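Undergrad: 3D model of this:
(chains A and B)
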Amino acid sequence: MKLYSTLTRDKRDFEPAGDAVTIYVCGITTSNSSHVGHALSAVVFDVLHRYLEFRGYTVRRVQNFTDIDDKIIASARDQGLSTEEVAEKYVQEFFRDMDDLNVRRATEHPRATEEIPAILRMIEGLIEQGRAYPATDNSGSVYFRVKSDPEYGKLSGRSVDELLEGVRIDVEPGKEAPADFALWKSSKPGEPSWDSPWGGGRPGWHIECSAMALEYLGETIDIHGGGLDLVFPHHENELTQSESFTGQKPFARFWVHNGLLRLDGAKMSKSLGNLVTVREALESYSADAIRMYILTSHYRSPLIYDQDNIGTQERAARRLRQAASVTSRADSGDSIDPAPFRERFVEAMEDDLNTPQALAVIFDLAHEINRGRDAGHELAGAQAEMRTLADVLGLTLAEPASKGGLSDEDVEARLASRAQARANQDFAAADAIRDELIEAGVVLEDGPGGTIWSRV
RNA sequence: GGCGACGUAGCCAAGUGGUCUAAGGCAGAGGUUUGCAAAACCUCCAUUCGGCGGUUCGAAUCCGCCCGUCGCCUCCA
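TA: Residues are numbered from 1 along each chain as shown, chains lettered A, B, ... in the order given. Modelled structure (predicted):
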(Lines give C-alpha, C1' and ligand atoms only; values in the text may rest on other atoms or scores of the structure.)
Protein backbone atom coordinates (compact mmCIF):
# COMPACT_ATOMS: atom_id res chain seq x y z
CA MET A 1 0.00 0.00 0.00
CA LYS A 2 1.00 3.61 -0.33
CA LEU A 3 1.53 5.63 2.83
CA TYR A 4 2.39 9.27 3.27
CA SER A 5 5.38 9.96 5.47
CA THR A 6 5.93 13.30 7.14
CA LEU A 7 9.68 12.84 6.87
CA THR A 8 9.81 12.51 3.09
CA ARG A 9 6.65 14.54 2.54
CA ASP A 10 5.31 12.16 -0.07
CA LYS A 11 3.44 8.92 -0.50
CA ARG A 12 5.58 5.83 -0.86
CA ASP A 13 5.00 2.12 -1.20
CA PHE A 14 4.87 0.54 2.20
CA GLU A 15 6.21 -2.91 2.93
CA PRO A 16 7.33 -3.99 6.39
CA ALA A 17 11.07 -4.45 6.79
CA GLY A 18 10.65 -7.71 8.70
CA ASP A 19 8.11 -10.44 9.20
CA ALA A 20 5.71 -8.32 11.21
CA VAL A 21 4.67 -4.71 10.74
CA THR A 22 5.95 -2.75 13.72
CA ILE A 23 4.00 0.34 14.72
CA TYR A 24 4.65 2.70 17.57
CA VAL A 25 1.93 5.23 18.35
CA CYS A 26 2.31 7.95 20.94
CA GLY A 27 -0.39 7.54 23.52
CA ILE A 28 -1.95 9.83 26.03
CA THR A 29 -0.61 11.53 29.09
CA THR A 30 -2.72 10.16 31.91
CA SER A 31 -3.62 13.44 33.54
CA ASN A 32 -7.13 13.90 32.17
CA SER A 33 -10.04 12.14 30.55
CA SER A 34 -9.54 11.39 26.87
CA HIS A 35 -11.20 13.77 24.45
CA VAL A 36 -12.53 13.21 20.97
CA GLY A 37 -9.22 14.29 19.44
CA HIS A 38 -7.59 11.32 21.13
CA ALA A 39 -10.40 9.17 19.76
CA LEU A 40 -9.66 10.44 16.25
CA SER A 41 -6.02 9.41 16.49
CA ALA A 42 -6.87 6.09 18.11
CA VAL A 43 -9.44 5.25 15.43
CA VAL A 44 -7.03 6.12 12.62
CA PHE A 45 -4.29 3.83 13.89
CA ASP A 46 -6.79 1.15 14.82
CA VAL A 47 -7.99 1.17 11.20
CA LEU A 48 -4.42 1.08 9.91
CA HIS A 49 -3.76 -1.94 12.14
CA ARG A 50 -6.97 -3.68 11.07
CA TYR A 51 -6.31 -3.03 7.40
CA LEU A 52 -2.75 -4.34 7.54
CA GLU A 53 -4.04 -7.53 9.15
CA PHE A 54 -6.77 -7.75 6.52
CA ARG A 55 -3.97 -7.65 3.95
CA GLY A 56 -2.38 -10.62 5.68
CA TYR A 57 0.35 -8.97 7.72
CA THR A 58 1.11 -9.69 11.32
CA VAL A 59 1.05 -6.39 13.17
CA ARG A 60 2.77 -5.46 16.40
CA ARG A 61 1.49 -2.12 17.63
CA VAL A 62 2.80 -0.48 20.77
CA GLN A 63 1.11 2.49 22.39
CA ASN A 64 2.51 4.04 25.53
CA PHE A 65 1.05 5.84 28.49
CA THR A 66 2.97 8.86 29.73
CA ASP A 67 2.16 8.31 33.36
CA ILE A 68 4.41 10.91 34.94
CA ASP A 69 4.59 14.62 34.10
CA ASP A 70 3.94 18.05 35.62
CA LYS A 71 0.19 17.89 35.12
CA ILE A 72 -0.13 14.50 36.75
CA ILE A 73 1.90 15.71 39.71
CA ALA A 74 -0.30 18.80 39.99
CA SER A 75 -3.47 16.76 39.60
CA ALA A 76 -2.36 14.31 42.30
CA ARG A 77 -1.62 17.18 44.65
CA ASP A 78 -5.02 18.77 44.00
CA GLN A 79 -6.92 15.54 44.53
CA GLY A 80 -4.88 14.31 47.43
CA LEU A 81 -3.87 11.19 45.54
CA SER A 82 -0.59 9.65 44.52
CA THR A 83 0.59 10.12 40.95
CA GLU A 84 0.18 6.38 40.48
CA GLU A 85 -3.45 6.59 41.51
CA VAL A 86 -4.15 9.47 39.16
CA ALA A 87 -2.43 7.70 36.29
CA GLU A 88 -4.22 4.42 36.95
CA LYS A 89 -7.59 6.15 37.00
CA TYR A 90 -7.09 7.67 33.57
CA VAL A 91 -5.52 4.52 32.13
CA GLN A 92 -8.63 2.58 33.08
CA GLU A 93 -10.84 5.32 31.72
CA PHE A 94 -8.90 5.31 28.45
CA PHE A 95 -9.33 1.57 28.05
CA ARG A 96 -13.05 1.78 28.74
CA ASP A 97 -13.48 4.65 26.27
CA MET A 98 -11.53 2.86 23.57
CA ASP A 99 -13.34 -0.44 24.15
CA ASP A 100 -16.64 1.36 23.71
CA LEU A 101 -15.37 2.92 20.49
CA ASN A 102 -14.43 -0.55 19.28
CA VAL A 103 -10.77 0.47 19.15
CA ARG A 104 -8.73 -2.67 19.61
CA ARG A 105 -5.99 -2.71 22.21
CA ALA A 106 -2.42 -2.38 21.07
CA THR A 107 -0.11 -5.38 21.35
CA GLU A 108 1.60 -3.67 24.28
CA HIS A 109 0.69 -0.63 26.40
CA PRO A 110 3.90 0.15 28.31
CA ARG A 111 4.10 2.97 30.86
CA ALA A 112 6.96 5.40 31.27
CA THR A 113 7.43 4.72 34.97
CA GLU A 114 7.80 1.01 34.33
CA GLU A 115 10.58 1.49 31.81
CA ILE A 116 13.01 3.52 33.93
CA PRO A 117 15.94 1.05 33.58
CA ALA A 118 15.74 1.13 29.78
CA ILE A 119 15.46 4.91 29.85
CA LEU A 120 18.51 5.23 32.10
CA ARG A 121 20.55 2.91 29.87
CA MET A 122 19.74 5.08 26.92
CA ILE A 123 20.61 8.35 28.66
CA GLU A 124 23.91 6.93 29.89
CA GLY A 125 24.72 5.75 26.41
CA LEU A 126 24.00 9.15 24.95
CA ILE A 127 26.27 10.83 27.50
CA GLU A 128 29.08 8.36 26.73
CA GLN A 129 28.72 9.17 23.05
CA GLY A 130 28.96 12.88 23.75
CA ARG A 131 25.38 13.39 22.61
CA ALA A 132 24.10 14.42 26.00
CA TYR A 133 25.45 16.11 29.12
CA PRO A 134 24.52 16.63 32.75
CA ALA A 135 23.22 20.13 33.38
CA THR A 136 26.00 22.68 33.56
CA ASP A 137 24.54 24.16 36.74
CA ASN A 138 24.68 20.77 38.49
CA SER A 139 20.92 20.65 38.89
CA GLY A 140 20.91 16.91 38.24
CA SER A 141 19.07 17.16 34.95
CA VAL A 142 20.45 15.77 31.71
CA TYR A 143 20.10 17.44 28.32
CA PHE A 144 20.47 16.26 24.76
CA ARG A 145 23.03 18.25 22.77
CA VAL A 146 21.06 19.22 19.67
CA LYS A 147 24.03 20.60 17.77
CA SER A 148 25.63 17.15 17.87
CA ASP A 149 23.19 16.13 15.14
CA PRO A 150 23.62 18.09 11.93
CA GLU A 151 20.39 16.56 10.65
CA TYR A 152 18.33 17.82 13.57
CA GLY A 153 15.14 19.40 12.29
CA LYS A 154 14.73 17.09 9.30
CA LEU A 155 11.34 15.79 10.36
CA SER A 156 9.67 19.10 11.14
CA GLY A 157 11.52 21.12 8.53
CA ARG A 158 13.14 23.41 11.03
CA SER A 159 16.52 25.03 10.83
CA VAL A 160 18.95 23.99 13.53
CA ASP A 161 20.62 27.38 13.52
CA GLU A 162 17.37 29.13 14.15
CA LEU A 163 16.53 26.81 17.01
CA LEU A 164 19.99 27.15 18.53
CA GLU A 165 19.57 30.91 18.50
CA GLY A 166 16.68 30.41 20.87
CA VAL A 167 13.93 31.98 18.87
CA ARG A 168 11.01 32.19 21.24
CA ILE A 169 12.48 29.59 23.55
CA ASP A 170 13.33 30.55 27.08
CA VAL A 171 16.86 29.64 27.95
CA GLU A 172 17.01 27.42 31.00
CA PRO A 173 20.04 27.63 33.21
CA GLY A 174 22.14 24.50 32.86
CA LYS A 175 21.57 24.17 29.11
CA GLU A 176 24.44 24.67 26.69
CA ALA A 177 22.04 25.82 23.98
CA PRO A 178 18.39 26.89 24.02
CA ALA A 179 17.25 24.10 21.72
CA ASP A 180 18.70 21.36 23.91
CA PHE A 181 15.99 19.33 25.56
CA ALA A 182 15.73 17.37 28.79
CA LEU A 183 16.32 13.62 28.83
CA TRP A 184 16.17 13.53 32.62
CA LYS A 185 14.58 16.07 34.91
CA SER A 186 15.84 16.43 38.45
CA SER A 187 12.97 16.28 40.91
CA LYS A 188 12.03 18.96 43.34
CA PRO A 189 11.45 18.05 46.98
CA GLY A 190 8.18 16.18 47.42
CA GLU A 191 7.93 15.16 43.77
CA PRO A 192 8.01 11.55 42.59
CA SER A 193 11.61 10.59 42.04
CA TRP A 194 13.66 7.73 40.65
CA ASP A 195 17.32 7.16 41.40
CA SER A 196 19.83 7.85 38.68
CA PRO A 197 23.56 8.46 38.32
CA TRP A 198 22.71 12.18 38.31
CA GLY A 199 20.50 12.14 41.38
CA GLY A 200 16.79 11.73 41.93
CA GLY A 201 14.62 12.67 39.01
CA ARG A 202 12.23 11.53 36.33
CA PRO A 203 12.38 10.95 32.58
CA GLY A 204 11.92 13.80 30.15
CA TRP A 205 8.94 13.49 27.89
CA HIS A 206 10.62 12.37 24.67
CA ILE A 207 13.02 9.74 25.95
CA GLU A 208 10.32 7.31 27.10
CA CYS A 209 9.05 6.78 23.58
CA SER A 210 12.51 6.16 22.19
CA ALA A 211 13.28 3.69 24.95
CA MET A 212 9.99 1.83 24.58
CA ALA A 213 10.15 1.68 20.80
CA LEU A 214 13.65 0.23 21.10
CA GLU A 215 12.71 -2.22 23.87
CA TYR A 216 9.51 -3.50 22.32
CA LEU A 217 10.02 -3.12 18.57
CA GLY A 218 13.72 -2.79 17.84
CA GLU A 219 16.13 -0.24 16.43
CA THR A 220 14.16 0.49 13.29
CA ILE A 221 10.38 0.49 13.34
CA ASP A 222 8.14 0.46 10.30
CA ILE A 223 5.64 3.12 11.28
CA HIS A 224 5.73 5.78 13.93
CA GLY A 225 2.42 7.51 14.46
CA GLY A 226 0.70 10.24 16.38
CA GLY A 227 -1.08 13.53 16.02
CA LEU A 228 0.29 16.27 13.81
CA ASP A 229 0.91 18.37 16.89
CA LEU A 230 3.58 15.91 17.99
CA VAL A 231 5.84 16.46 15.00
CA PHE A 232 7.71 19.19 16.81
CA PRO A 233 9.27 18.98 19.25
CA HIS A 234 8.28 15.48 20.40
CA HIS A 235 8.96 13.37 17.33
CA GLU A 236 11.88 15.47 16.16
CA ASN A 237 13.54 14.83 19.51
CA GLU A 238 12.65 11.16 19.59
CA LEU A 239 14.14 10.79 16.16
CA THR A 240 17.45 12.46 16.94
CA GLN A 241 18.04 10.72 20.26
CA SER A 242 17.07 7.31 18.87
CA GLU A 243 19.26 7.52 15.79
CA SER A 244 22.08 8.95 17.88
CA PHE A 245 21.87 6.16 20.44
CA THR A 246 21.57 3.18 18.12
CA GLY A 247 23.52 4.56 15.19
CA GLN A 248 20.78 2.99 13.10
CA LYS A 249 18.92 5.05 10.51
CA PRO A 250 16.12 5.38 10.06
CA PHE A 251 14.55 5.16 13.50
CA ALA A 252 11.16 4.98 11.78
CA ARG A 253 10.68 4.11 8.11
CA PHE A 254 7.35 5.96 7.90
CA TRP A 255 6.13 8.84 10.03
CA VAL A 256 2.35 8.91 9.95
CA HIS A 257 0.53 11.86 11.47
CA ASN A 258 -3.19 12.39 11.75
CA GLY A 259 -4.81 15.80 11.27
CA LEU A 260 -6.14 17.54 14.33
CA LEU A 261 -9.69 17.82 15.55
CA ARG A 262 -11.01 21.33 15.98
CA LEU A 263 -13.74 22.77 18.11
CA ASP A 264 -14.97 26.34 17.80
CA GLY A 265 -12.32 27.20 15.25
CA ALA A 266 -9.34 26.00 17.25
CA LYS A 267 -7.56 22.75 17.88
CA MET A 268 -9.25 20.72 20.58
CA SER A 269 -6.74 20.67 23.41
CA LYS A 270 -6.32 20.46 27.12
CA SER A 271 -4.65 23.84 27.41
CA LEU A 272 -7.41 25.67 25.56
CA GLY A 273 -10.05 23.78 27.46
CA ASN A 274 -12.22 23.49 24.36
CA LEU A 275 -12.77 19.82 24.50
CA VAL A 276 -15.47 17.18 24.40
CA THR A 277 -14.60 13.98 26.17
CA VAL A 278 -14.97 10.60 24.53
CA ARG A 279 -17.45 9.70 27.24
CA GLU A 280 -19.64 12.71 26.45
CA ALA A 281 -19.62 11.87 22.75
CA LEU A 282 -20.55 8.25 23.49
CA GLU A 283 -23.50 9.39 25.58
CA SER A 284 -25.07 10.98 22.50
CA TYR A 285 -23.83 8.89 19.61
CA SER A 286 -23.05 5.29 18.76
CA ALA A 287 -19.50 4.15 18.24
CA ASP A 288 -20.29 3.41 14.58
CA ALA A 289 -21.51 6.98 14.03
CA ILE A 290 -18.48 8.49 15.73
CA ARG A 291 -16.10 6.29 13.76
CA MET A 292 -17.90 7.02 10.51
CA TYR A 293 -17.70 10.72 11.25
CA ILE A 294 -13.95 10.39 11.69
CA LEU A 295 -13.49 8.13 8.67
CA THR A 296 -15.55 10.11 6.15
CA SER A 297 -12.72 12.62 6.23
CA HIS A 298 -9.18 11.69 5.23
CA TYR A 299 -6.97 11.05 8.26
CA ARG A 300 -4.47 13.76 7.38
CA SER A 301 -7.10 16.48 7.04
CA PRO A 302 -8.22 18.57 9.96
CA LEU A 303 -11.73 17.76 11.14
CA ILE A 304 -14.19 20.06 12.85
CA TYR A 305 -16.18 18.50 15.66
CA ASP A 306 -19.80 19.23 14.87
CA GLN A 307 -22.67 17.59 16.69
CA ASP A 308 -25.15 17.93 13.84
CA ASN A 309 -22.76 16.26 11.45
CA ILE A 310 -22.19 13.34 13.76
CA GLY A 311 -25.95 13.07 14.02
CA THR A 312 -26.22 12.63 10.26
CA GLN A 313 -23.72 9.78 10.54
CA GLU A 314 -26.14 8.09 12.90
CA ARG A 315 -28.66 7.96 10.07
CA ALA A 316 -25.99 6.87 7.62
CA ALA A 317 -24.92 4.07 9.98
CA ARG A 318 -28.51 2.91 10.10
CA ARG A 319 -28.58 2.65 6.32
CA LEU A 320 -25.61 0.30 6.40
CA ARG A 321 -26.99 -1.67 9.31
CA GLN A 322 -30.27 -2.32 7.56
CA ALA A 323 -28.66 -3.38 4.30
CA ALA A 324 -26.46 -5.80 6.22
CA SER A 325 -29.48 -7.51 7.72
CA VAL A 326 -32.32 -7.29 5.18
CA THR A 327 -33.76 -10.56 4.00
CA SER A 328 -34.66 -11.45 0.45
CA ARG A 329 -37.22 -13.78 -1.11
CA ALA A 330 -34.14 -15.27 -2.79
CA ASP A 331 -36.26 -16.69 -5.60
CA SER A 332 -34.51 -15.21 -8.61
CA GLY A 333 -31.74 -17.75 -8.68
CA ASP A 334 -29.23 -14.91 -8.86
CA SER A 335 -26.88 -13.55 -6.28
CA ILE A 336 -24.75 -10.44 -5.90
CA ASP A 337 -21.07 -10.73 -6.66
CA PRO A 338 -19.26 -8.73 -3.99
CA ALA A 339 -15.81 -9.15 -5.56
CA PRO A 340 -15.78 -5.83 -7.45
CA PHE A 341 -16.68 -4.01 -4.25
CA ARG A 342 -13.90 -5.67 -2.34
CA GLU A 343 -11.48 -4.68 -5.09
CA ARG A 344 -12.55 -1.05 -4.98
CA PHE A 345 -12.39 -1.05 -1.20
CA VAL A 346 -8.85 -2.39 -1.24
CA GLU A 347 -7.85 0.05 -3.96
CA ALA A 348 -9.06 2.95 -1.81
CA MET A 349 -7.35 1.73 1.34
CA GLU A 350 -4.12 1.06 -0.55
CA ASP A 351 -3.97 4.75 -1.41
CA ASP A 352 -2.77 6.16 1.88
CA LEU A 353 -5.77 4.80 3.77
CA ASN A 354 -8.45 6.61 1.82
CA THR A 355 -11.25 5.71 4.21
CA PRO A 356 -13.76 8.20 2.73
CA GLN A 357 -13.63 6.28 -0.54
CA ALA A 358 -13.56 2.93 1.19
CA LEU A 359 -16.68 3.91 3.06
CA ALA A 360 -18.31 5.06 -0.18
CA VAL A 361 -17.70 1.57 -1.57
CA ILE A 362 -19.48 0.04 1.39
CA PHE A 363 -22.44 2.35 0.73
CA ASP A 364 -22.44 1.29 -2.90
CA LEU A 365 -22.49 -2.33 -1.81
CA ALA A 366 -25.36 -1.58 0.56
CA HIS A 367 -27.24 -0.05 -2.35
CA GLU A 368 -26.61 -3.11 -4.46
CA ILE A 369 -27.84 -5.35 -1.66
CA ASN A 370 -31.06 -3.36 -1.37
CA ARG A 371 -31.61 -3.60 -5.11
CA GLY A 372 -30.90 -7.29 -4.93
CA ARG A 373 -33.46 -7.63 -2.16
CA ASP A 374 -36.13 -6.12 -4.43
CA ALA A 375 -35.05 -8.40 -7.27
CA GLY A 376 -35.18 -11.50 -5.09
CA HIS A 377 -31.46 -12.22 -5.28
CA GLU A 378 -29.50 -14.29 -2.80
CA LEU A 379 -27.87 -11.77 -0.41
CA ALA A 380 -25.92 -13.77 2.16
CA GLY A 381 -22.58 -13.66 0.36
CA ALA A 382 -22.74 -9.93 -0.28
CA GLN A 383 -23.86 -9.22 3.25
CA ALA A 384 -21.02 -11.29 4.70
CA GLU A 385 -18.57 -9.36 2.55
CA MET A 386 -20.12 -6.10 3.63
CA ARG A 387 -19.64 -7.01 7.27
CA THR A 388 -16.06 -8.02 6.61
CA LEU A 389 -15.24 -4.70 4.97
CA ALA A 390 -17.09 -2.73 7.63
CA ASP A 391 -15.09 -4.58 10.27
CA VAL A 392 -11.85 -3.38 8.68
CA LEU A 393 -13.09 0.11 9.53
CA GLY A 394 -14.10 -1.10 12.97
CA LEU A 395 -17.81 -0.70 12.31
CA THR A 396 -19.97 -3.24 14.12
CA LEU A 397 -23.22 -2.56 12.21
CA ALA A 398 -24.86 -3.56 15.47
CA GLU A 399 -28.04 -2.06 16.78
CA PRO A 400 -27.64 0.38 19.62
CA ALA A 401 -28.44 -1.27 22.93
CA SER A 402 -31.76 -0.59 24.59
CA LYS A 403 -31.41 2.74 26.37
CA GLY A 404 -33.30 1.78 29.47
CA GLY A 405 -36.83 2.26 28.14
CA LEU A 406 -38.58 -0.74 26.68
CA SER A 407 -37.25 -4.26 26.80
CA ASP A 408 -37.50 -6.50 23.75
CA GLU A 409 -40.43 -8.25 25.41
CA ASP A 410 -42.21 -4.92 25.94
CA VAL A 411 -41.76 -4.07 22.28
CA GLU A 412 -43.04 -7.45 21.12
CA ALA A 413 -46.10 -7.04 23.35
CA ARG A 414 -46.89 -3.60 21.92
CA LEU A 415 -46.40 -5.00 18.44
CA ALA A 416 -48.89 -7.77 19.08
CA SER A 417 -51.50 -5.22 20.20
CA ARG A 418 -50.84 -3.15 17.11
CA ALA A 419 -51.16 -6.16 14.81
CA GLN A 420 -54.53 -6.90 16.39
CA ALA A 421 -55.64 -3.29 15.91
CA ARG A 422 -54.57 -3.33 12.27
CA ALA A 423 -56.41 -6.57 11.69
CA ASN A 424 -59.48 -4.83 13.05
CA GLN A 425 -58.91 -1.87 10.71
CA ASP A 426 -58.49 0.28 13.82
CA PHE A 427 -55.69 2.35 12.34
CA ALA A 428 -55.94 5.12 14.90
CA ALA A 429 -55.05 2.71 17.68
CA ALA A 430 -52.34 1.11 15.57
CA ASP A 431 -50.76 4.46 14.77
CA ALA A 432 -50.85 5.49 18.42
CA ILE A 433 -48.82 2.44 19.33
CA ARG A 434 -46.40 3.15 16.51
CA ASP A 435 -45.95 6.73 17.71
CA GLU A 436 -45.40 5.53 21.24
CA LEU A 437 -42.68 3.14 20.10
CA ILE A 438 -40.99 5.82 18.02
CA GLU A 439 -40.86 7.93 21.18
CA ALA A 440 -39.07 5.04 22.84
CA GLY A 441 -36.54 4.83 20.01
CA VAL A 442 -38.08 1.87 18.25
CA VAL A 443 -38.85 2.12 14.53
CA LEU A 444 -41.35 -0.15 12.81
CA GLU A 445 -41.46 -1.38 9.26
CA ASP A 446 -44.55 -3.12 7.96
CA GLY A 447 -43.68 -5.56 5.23
CA PRO A 448 -45.36 -8.43 3.43
CA GLY A 449 -43.88 -10.83 5.94
CA GLY A 450 -45.12 -8.94 8.96
CA THR A 451 -43.71 -6.07 10.99
CA ILE A 452 -40.06 -5.84 11.84
CA TRP A 453 -38.61 -3.37 14.28
CA SER A 454 -35.26 -1.92 15.22
CA ARG A 455 -33.82 0.50 17.69
CA VAL A 456 -32.33 3.82 16.61
C1' G B 1 8.22 36.99 12.16
C1' G B 2 9.70 31.66 10.37
C1' C B 3 7.77 26.91 8.54
C1' G B 4 3.38 24.27 6.86
C1' A B 5 -1.76 22.89 5.59
C1' C B 6 -6.43 23.97 3.71
C1' G B 7 -10.71 26.72 0.83
C1' U B 8 -15.25 21.49 -3.96
C1' A B 9 -23.21 21.44 -4.07
C1' G B 10 -27.87 23.67 1.51
C1' C B 11 -24.29 20.79 5.12
C1' C B 12 -20.16 17.02 5.66
C1' A B 13 -16.58 15.19 2.23
C1' A B 14 -13.52 12.22 -1.85
C1' G B 15 -11.10 13.42 -6.28
C1' U B 16 -4.81 16.49 -7.38
C1' G B 17 -3.30 17.05 -15.61
C1' G B 18 -7.84 14.14 -20.13
C1' U B 19 -12.40 8.18 -18.15
C1' C B 20 -14.73 14.99 -13.93
C1' U B 21 -20.83 17.74 -17.91
C1' A B 22 -16.74 16.02 -10.11
C1' A B 23 -17.60 9.75 -5.56
C1' G B 24 -20.20 8.81 -1.11
C1' G B 25 -23.29 10.42 3.17
C1' C B 26 -27.01 13.86 5.16
C1' A B 27 -30.82 17.26 3.79
C1' G B 28 -34.44 18.47 -0.34
C1' A B 29 -38.13 17.55 -4.89
C1' G B 30 -41.19 14.09 -7.81
C1' G B 31 -42.55 8.85 -8.48
C1' U B 32 -43.14 3.28 -7.03
C1' U B 33 -44.57 0.61 -2.66
C1' U B 34 -47.81 1.18 1.93
C1' G B 35 -54.40 1.45 5.32
C1' C B 36 -51.22 5.77 6.39
C1' A B 37 -46.17 5.80 7.48
C1' A B 38 -41.11 4.16 7.80
C1' A B 39 -37.37 1.77 5.16
C1' A B 40 -36.11 0.51 0.28
C1' C B 41 -36.17 1.31 -4.97
C1' C B 42 -36.49 4.79 -9.56
C1' U B 43 -35.70 9.95 -11.27
C1' C B 44 -33.78 14.78 -10.10
C1' C B 45 -30.49 18.03 -7.09
C1' A B 46 -22.38 21.64 -8.55
C1' U B 47 -21.51 23.11 -17.06
C1' U B 48 -18.64 23.83 -11.71
C1' C B 49 -14.29 23.29 -7.90
C1' G B 50 -12.29 30.97 -2.84
C1' G B 51 -10.82 35.33 -6.48
C1' C B 52 -7.67 37.10 -10.52
C1' G B 53 -3.89 36.05 -13.97
C1' G B 54 -0.51 32.35 -16.32
C1' U B 55 1.46 27.36 -18.27
C1' U B 56 -0.84 23.50 -21.47
C1' C B 57 -4.00 20.75 -27.19
C1' G B 58 -6.42 20.09 -22.29
C1' A B 59 -6.58 22.31 -15.06
C1' A B 60 -10.79 21.51 -9.55
C1' U B 61 -5.91 19.27 -10.32
C1' C B 62 0.61 22.73 -12.22
C1' C B 63 2.72 28.12 -11.41
C1' G B 64 2.14 33.36 -9.52
C1' C B 65 -0.48 36.99 -6.84
C1' C B 66 -4.65 38.19 -3.72
C1' C B 67 -8.59 37.03 -0.07
C1' G B 68 -10.07 33.74 3.89
C1' U B 69 -9.42 29.73 7.61
C1' C B 70 -6.22 26.75 10.50
C1' G B 71 -1.70 24.19 12.52
C1' C B 72 3.49 24.07 14.45
C1' C B 73 7.35 27.28 16.40
C1' U B 74 5.52 26.32 24.52
C1' C B 75 2.51 21.01 27.43
C1' C B 76 -0.83 18.72 23.76
C1' A B 77 -3.54 12.77 19.73
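Undergrad: buried residues in stretch A:433-446?
TA: For stretch A:433-446, the neighbour count (16 or more other Cβ atoms under 10 Å) marks A:Ile433, A:Arg434, A:Leu437, A:Ala440, A:Val442, A:Leu444 as buried. In this view, the C-beta of every residue, glycine as well, is placed from N, C-alpha and C.
Undergrad: Let me know the closest of those to A:Leu295.
TA: A:Val442 (27.8 Å; Cβ to Cβ).
Undergrad: what's that closest one in contact with, if anything?
TA: A:Leu406, A:Val411, A:Trp453, A:Ser454, A:Arg455, A:Val456 (Cβ atoms under 8 Å, 6 or more residues apart in numbering).
Undergrad: Generate a PyMOL selection restricted to the buried subset of those.
TA: To isolate the buried members of those in PyMOL, using 16+ other Cβ under 10 Å:
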select buried, chain A and resi 406+411+454+455
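Undergrad: Next, check the contacts of A:Val442 against the helices and list the overlap.
TA: A:Val411 (DSSP state H).
Undergrad: Let me have the contacts of A:Val442 in CSV, extended by pLDDT.
TA: CSV is the format used below for the contacts of A:Val442 (pLDDT from 0 to 100):
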residue, pLDDT
A:Leu406, 82
A:Val411, 91
A:Trp453, 88
A:Ser454, 85
A:Arg455, 84
A:Val456, 78
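Undergrad: Now that we have the contacts of A:Val442, can you turn them into CSV and tack on distance to RNA strand B?
TA: Putting these into CSV (distance: Cβ to the nearest atom of the strand, whole Å) gives the following:
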residue, distance to RNA strand B
A:Leu406, 17
A:Val411, 15
A:Trp453, 10
A:Ser454, 9
A:Arg455, 12
A:Val456, 9
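Undergrad: and which of the contacts of A:Val442 is nearest A:Ser297?
TA: Nearest to A:Ser297 among these, with distances taken as Cβ to Cβ, is A:Val456, at 23.9 Å.
Undergrad: That closest one contacts A:Pro400, correct?
TA: Yes: between A:Val456 and A:Pro400 there is a contact at 7.1 Å, judged by Cβ atoms under 8 Å.
Undergrad: so who does the closest residue to A:Ala177 other than its chain neighbours touch?
TA: With Cβ to Cβ, 6 or more residues apart in numbering as the criterion, A:Ala177 has its nearest non-adjacent residue at 5.1 Å, and that residue is A:Leu164. By Cβ under 8 Å, 6+ apart, A:Leu164 lies in contact with A:Val146, A:Lys147, A:Ala177, A:Pro178, A:Ala179.
Undergrad: Please see if stretch A:74-87 touches RNA strand B.
TA: No: using Cβ under 7 Å from any atom of the strand, we find that stretch A:74-87 stays clear of RNA strand B, coming within 11.4 Å at best.
Undergrad: and the end-to-end length of that stretch?
TA: 12 Å (Cα to Cα, to the nearest Å).
Undergrad: avg pLDDT for it?
TA: When pLDDT is averaged over stretch A:74-87, the result is 94.
Undergrad: which residues sit against that stretch?
TA: Counting by Cβ under 8 Å, 6+ apart, A:Thr30, A:Ser31, A:Asn32, A:Phe65, A:Asp67, A:Ile68, A:Ile72, A:Ile73, A:Lys89, A:Arg111, A:Thr113, A:Pro192 sit against stretch A:74-87.
Undergrad: any idea how far A:Lys2 is from A:Pro302?
TA: 21 Å (Cβ to Cβ, to the nearest Å).
Undergrad: Where does A:Leu183 sit: helix, strand or coil?
TA: Classification of A:Leu183 by DSSP: H, G, I helix; E, B strand; the rest coil places it in strand.
Undergrad: low-confidence ranges in chain A?
TA: Along chain A, the model assigns pLDDT under 70 to residues A:166-170, A:402-404.
Undergrad: Which parts of it belong to which domain?
TA: A:2-267, A:285-392, A:408-455 (automatic domain parsing).
Undergrad: will you turn those into JSON lines that also has distance to A:Val278?
TA: Output for those, formatted as JSON lines (distance: least, Cβ to Cβ, whole Å):
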{"stretch": "domain A:2-267", "distance to A:Val278": "4"}
{"stretch": "domain A:285-392", "distance to A:Val278": "8"}
{"stretch": "domain A:408-455", "distance to A:Val278": "22"}
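Undergrad: what about stretch A:289-304 and RNA strand B, touching?
TA: Yes: judged by Cβ under 7 Å from any atom of the strand, stretch A:289-304 comes into contact with RNA strand B through A:Thr296, A:Ser297, A:His298, A:Ser301, A:Pro302, A:Leu303, A:Ile304.
Undergrad: Tell me which residues are up against that stretch.
TA: By Cβ under 8 Å, 6+ apart, stretch A:289-304 touches A:4, A:36, A:39-40, A:43-44, A:47, A:101-102, A:228, A:257-263, A:281-282, A:285, A:309-311, A:313-314, A:316-317, A:352-356, A:358-359, A:393-395.
Undergrad: do that again at 6 Å, thanks
TA: Residues from elsewhere that reach stretch A:289-304 (Cβ atoms under 6 Å, 6 or more residues apart in numbering): A:40, A:43-44, A:258-262, A:281, A:310, A:313-314, A:317, A:353, A:355-356, A:359, A:393-394.
Undergrad: do stretch A:24-31 as well
TA: A:38, A:45, A:62-67, A:69, A:71-72, A:75, A:87, A:90-91, A:213, A:217, A:221, A:224-226, A:230.
Undergrad: So which of those residues belong to strands?
TA: Per DSSP state E, strands hold the following members of these: A:Val62, A:Gln63, A:Ile221, A:His224, A:Gly225, A:Gly226.
Undergrad: so which of these would you say is closest to A:Val160?
TA: Checking the ones in strands among the contacts of stretch A:24-31 one by one against A:Val160 (Cβ to Cβ), the nearest turns out to be A:His224, at 21.0 Å.
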